[in-house]
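> quick one, fold the following:
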Amino acid sequence: MNVPVGARYRYKSGVPLDERPVVAAAVAAAAAARVPLYQRLVDPFTDDEALWEFENLFVLSGQTQGEWQELSSRFVELQGYSPTETAANTLLIKARSFVDYCDKFVPPPA
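Numbering: from 1, shown residues only. So this is what the prediction gives:
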């Protein structure tokens, strides 16, 4: 499918094609943040709240040893960039790194 440069086609989800990687990365990061939050019985309503709660409970308390400072604001900032390939790749790399970090909170199988 040839998509004209700058064209914004929408799928059933209503998300423009050029923004889908950005949205997917943000959703993945928020889902990863929910894992340790659920263990603390914290159930955020939105993806932004999940990142904010992770930052408040784990980053500001020092449990992340200084990693992920300003997590929620960085994801908000990255989502605000123009939906270019570079911006999408940057956000995907950051989200993948965060998902890998949150994997440490998953208890090993019994």
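> list the helices and strands the helix ranked longest in the chain packs on?
The longest helix of the chain (DSSP state H) is helix 20-39. The helices and strands touching helix 20-39, judged by 3 or more Cβ pairs under 8 Å, 6 or more residues apart in numbering; DSSP states H and E, are helix 47-54, helix 71-79, helix 85-102. C-beta: built from backbone N, CA, C; applies to glycine.
> report the buried residues of the helix or strand of the chain with the lowest mean pLDDT.
Every helix and strand of the chain was ranked by mean pLDDT, DSSP states H and E. The lowest is helix 71-79, at a mean of 82. By neighbour count with 16 or more other Cβ atoms under 10 Å, helix 71-79 contains the buried residues 71-72, 74-75, 78-79.
> and what of stretch 54-72?
Applying 16+ other Cβ under 10 Å to stretch 54-72 flags 54-55, 58-59, 64, 68, 71-72 as buried.
> in JSON lines: those residues, plus distance to Lys94.
Formatted as JSON lines, these follow (distance: Cβ to Cβ, whole Å):
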{"residue": "Phe54", "distance to Lys94": "14"}
{"residue": "Glu55", "distance to Lys94": "14"}
{"residue": "Phe58", "distance to Lys94": "17"}
{"residue": "Val59", "distance to Lys94": "15"}
{"residue": "Thr64", "distance to Lys94": "15"}
{"residue": "Trp68", "distance to Lys94": "10"}
{"residue": "Leu71", "distance to Lys94": "9"}
{"residue": "Ser72", "distance to Lys94": "12"}
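> most widely separated two among the residues you listed?
Thr64 and Ser72 (13.3 Å; Cβ to Cβ).
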